[in-house]
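what's the 3D shape of this:
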Amino acid sequence: MLVLLLIPIALMLFAGIGIYNSLVALRNGYKNAFAQIDVQLKRRYDLIPNLVETVKGYMKHERETLDAVIEARNQAAAAGKLAAGNPGDAGALAGLLGAENVLSGALGRLFALSEAYPDLKAGQNMMQLSEELATTENRISSARQTYNSAVMTYNTKRETFPSSVIAGMFNFAPAALFEIEDNVRKEVPKVSFD
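Okay, here's the model as predicted:
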């Protein structure tokens, strides 16, 4: 009789352990996916000083634009570090997205100004940096899609029954998507100087 009572309890315990472990695996999955975004953002941040140095010689009268790019890059890098610390946090991701929007705007102004300098556009360094930035933007977009997919899987698992019970007991918080709200930002910035 006691054995008949213990069997359902043991089954529920094993099911709970399985659900807990799957939630941990899914949470680690979206954190890993964000790490891939972080790698590409850091690559982008590393390219920007080279871009500014390449442009600096041609745009001696555009100092405030160059300073704006560097400042926006530094703010985005700082916001990226905060978001990397807790990639599922909506506030951290909002800060990163805001900083990225400012950086994209500053880069857009820099590229628009560089149109007035044909020698700059035709320079080997500028063409190479432009190509690397375009490639990096594509990688960021791909990594963002992977991250959002992992977040959706995790959030779905933590919100469905019986997983929601385990998620509530062990404080599995919802994860935020890496969404781009600004319609202009949804397009990959054009960095080509053909």
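
so which helix or strand takes in residue 149?
helix 124-159 (DSSP states H and E).

helices or strands next to that helix in the packing?
helix 2-56, helix 163-169 (3 or more Cβ pairs under 8 Å, 6 or more residues apart in numbering; DSSP states H and E). Heads up, the C-betas are built off the backbone N, CA and C, glycines and all.

Can you add mean pLDDT and distance to residue 139 and give these back as CSV?
Shown next, in CSV, are the helices and strands packed on helix 124-159 (pLDDT from 0 to 100; distance: least, Cβ to Cβ, whole Å):
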stretch, mean pLDDT, distance to residue 139
helix 2-56, 93, 5
helix 163-169, 95, 32
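
Can I get those in TSV including distance to residue 67 and mean neighbour count?
Below are these laid out as TSV (distance: least, Cβ to Cβ, whole Å; neighbours: other Cβ atoms under 10 Å):
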stretch	distance to residue 67	mean neighbour count
helix 2-56	9	15
helix 163-169	46	15
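
Just the CA atoms of stretch 52-69, as PDB, please.
Extracted as PDB, the C-alpha positions of stretch 52-69 are listed here (Å, rounded to 0.1, in the frame of the first residue of the first chain):
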ATOM      1  CA  VAL A  52      37.400  57.100 -37.500                       C
ATOM      2  CA  GLU A  53      41.200  57.100 -38.000                       C
ATOM      3  CA  THR A  54      40.800  56.400 -41.700                       C
ATOM      4  CA  VAL A  55      38.300  59.200 -42.100                       C
ATOM      5  CA  LYS A  56      40.000  61.600 -39.800                       C
ATOM      6  CA  GLY A  57      42.700  62.700 -42.300                       C
ATOM      7  CA  TYR A  58      40.100  63.600 -44.900                       C
ATOM      8  CA  MET A  59      37.500  65.200 -42.700                       C
ATOM      9  CA  LYS A  60      39.500  67.700 -40.700                       C
ATOM     10  CA  HIS A  61      36.500  70.000 -40.500                       C
ATOM     11  CA  GLU A  62      34.100  67.400 -39.300                       C
ATOM     12  CA  ARG A  63      35.500  66.900 -35.800                       C
ATOM     13  CA  GLU A  64      32.200  66.900 -34.000                       C
ATOM     14  CA  THR A  65      30.900  64.100 -36.200                       C
ATOM     15  CA  LEU A  66      33.900  62.000 -35.500                       C
ATOM     16  CA  ASP A  67      33.600  62.700 -31.700                       C
ATOM     17  CA  ALA A  68      29.900  61.800 -31.800                       C
ATOM     18  CA  VAL A  69      30.800  58.400 -33.400                       C
END
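
Done for today, thanks.
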